[in-house]
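Asker: got a structure for you, letters missing:
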Ligand SMILES: *Cc1c(COP(=O)(O)O)cnc(C)c1O
């Protein structure tokens with residue numbers, strides 16, 4: 001006789017991914033308390049505020065370097081030919097850019113302001129990847145002169161670049177931006193040439209045929225805060241297929257695949273149920289998705305892999321310190337509060353009828369507009 005074991009069905013009322021669920025269901029439990037934050041990288045918070053004032057942005061160098069090294073290891077262990085660039089628009093603060101530069105990051109810029117900033121910070125021309133849909137002529141001329149890598153976004157820009165390089169003796173390395181359906185929604189169709197209708201291939205061919213240009217990179221930036229590592233697998237496969245087609249037709253093997261940014265951080269978005277460790281895939285999952293595809297190629301054909309990381313590196317390194325400047329609210333009288341049974345007290349908490357206390361802070365949405373999409377952790 002065989003007996004099959006069937007798993008007992010546990011009511012999903014408890015919520016499988018939610019450590020708080022049990023506490024919520026336990027009528028007499030007090031729920032989860034937010035731990036207080038006393039210091040950042042060993043600096044006591046009152047001392048920081050006393051020295052620099054409030055409100056105050058603070059970034060943890062330790063957290064930033066840790067995140068950067070972790071991401072670098074995850075990719076380099078699987079695929080040694082990986083190179084990283086810091087997306088300046090994510091955070092252009094000098095200190096942040098310099099730390100990442102020390103960690104070996106290149107600069108990824110999307111505007112003339114960011115290009116100039118990267119140069120001022122000490123990035124050499126060839127250490128700059130120039131994305132962005134609009135690169136004004138003056139900055140294009142400078143970037144070409146200084147040897148930055150232009151990622152061409154559209155036909156008008158290609159026309160202009162072709163004019164600017166007409167008289168060159170050495171071909172100029174450029175990349176093209178490609179948009180594609182990586183199986184996630186929304187599809188970001190705003191950056192670069194379309195893959196599906198052959199536009200990207202036509203742009204690539206035009207560059208390959210131009211003796212003043214050399215096609216160095218196929219670039220795509222499929223979105224941001226992408227929770228689906230498989231999307232990167234698809235994007236990698238699709239860019240490789242284009243690279244293959246170009247090699248077959250023109251004998252030109254493209255050096256570099258740039259998969260942009262988009263890796264999520266552990267700050268949850270509004271509406272997500274945490275904890276982040278359970279709902280946000282680790283960077284290793286993204287590294288697997290991308291490098292498994294690349295590692296299937298014969299070694300000699302493996303391209304340089306580039307990534308343009310942004311929020312994944314910096315989000316959790318940042319704090320906004322803010323002070324309580326006033327307290328107001330509807331307080332229940334002490335006597336009333338004290339006379340409640342534990343059950344009634346809990347019931348009031350659940351029904352939201354408990355004393356409401358409002359704290360007025362010296363910082364709001366203006367200095368932290370990302371709070372519109374992130375559910376930031378608030379710590380006393
Ligand atoms: C914004 C941006 C990035 C960084 O995006 P994250 O989602 O923060 O990683 C990378 N590449 C390009 C072209 C960008 O515009």
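Answerer: Structure's in. What do you need? Please read these numbers as outputs of a predicted model, since none were measured by experiment. Residues are numbered from 1 along each chain as shown.
Asker: for the rest of this, base every contact and every neighbour count on C-alpha atoms.
Answerer: Noted.
Asker: how about the contacts made by residue 373?
Answerer: By CA atoms under 8 Å, 6 or more residues apart in numbering, the residues touching residue 373 are 269, 270.
Asker: not counting residues beside it along the chain, what's closest to whichever residue of the stretch 51-200 of the chain sits closest to the ligand?
Answerer: Distances between the stretch 51-200 of the chain and the ligand by CA to the nearest ligand atom are smallest at residue 87, namely 5.1 Å. Closest residue to residue 87 apart from its sequence neighbours, by CA to CA, 6 or more residues apart in numbering: residue 108 at 4.8 Å.
Asker: pLDDT weak spots in the chain?
Answerer: Low-confidence segments of the chain, defined by pLDDT under 70, span residues 1-3, 6-33, 330-338, 348-356.
Asker: show me which residues of it sit near the ligand.
Answerer: Within the chain, the positions near the ligand by CA under 6 Å from any ligand atom are 87, 90, 131, 221, 224-225, 260-263, 308-311.
Asker: export the residues you listed to TSV and tack on secondary structure, distance to residue 150 and neighbour count?
Answerer: Below are the residues of the chain next to the ligand laid out as TSV (DSSP: H, G, I helix; E, B strand; the rest coil; distance: CA to CA, whole Å; neighbours: other CA atoms under 10 Å):
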residue	secondary structure	distance to residue 150	neighbour count
87	strand	15	25
90	coil	19	15
131	coil	7	25
221	coil	15	23
224	coil	21	15
225	coil	25	17
260	coil	14	24
261	coil	17	24
262	coil	20	20
263	coil	23	25
308	strand	14	23
309	strand	18	24
310	coil	19	24
311	helix	23	22
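Asker: what values do phi and psi take at the residue nearest to residue 87?
Answerer: Main-chain dihedrals, residue 108, degrees, to the nearest 10: phi -110, psi 120.
Asker: neighbours around it, how many?
Answerer: For residue 108, the tally of surrounding residues (other CA atoms under 10 Å) stands at 27.
Asker: dump the residue contacts of whatever residue of the stretch 101-250 of the chain ends up closest to the ligand.
Answerer: Nearest to the ligand, among the residues of the stretch 101-250 of the chain, is residue 224, at 3.8 Å (CA to the nearest ligand atom). Contacts for residue 224 (CA under 8 Å, 6+ apart) come out as 261, 262, 263, 264.
Asker: which non-adjacent residue is nearest the last one?
Answerer: Counting by CA to CA, 6+ apart, the nearest residue to residue 264 once its immediate chain neighbours are dropped is residue 225, at 4.1 Å.
Asker: the second one now?
Answerer: Once its chain neighbours are removed from consideration, residue 262 has its nearest residue in residue 224; the separation is 3.7 Å (CA to CA, 6+ apart).
Asker: what about that neighbour, distance to residue 311?
Answerer: 9 Å (CA to CA, to the nearest Å).
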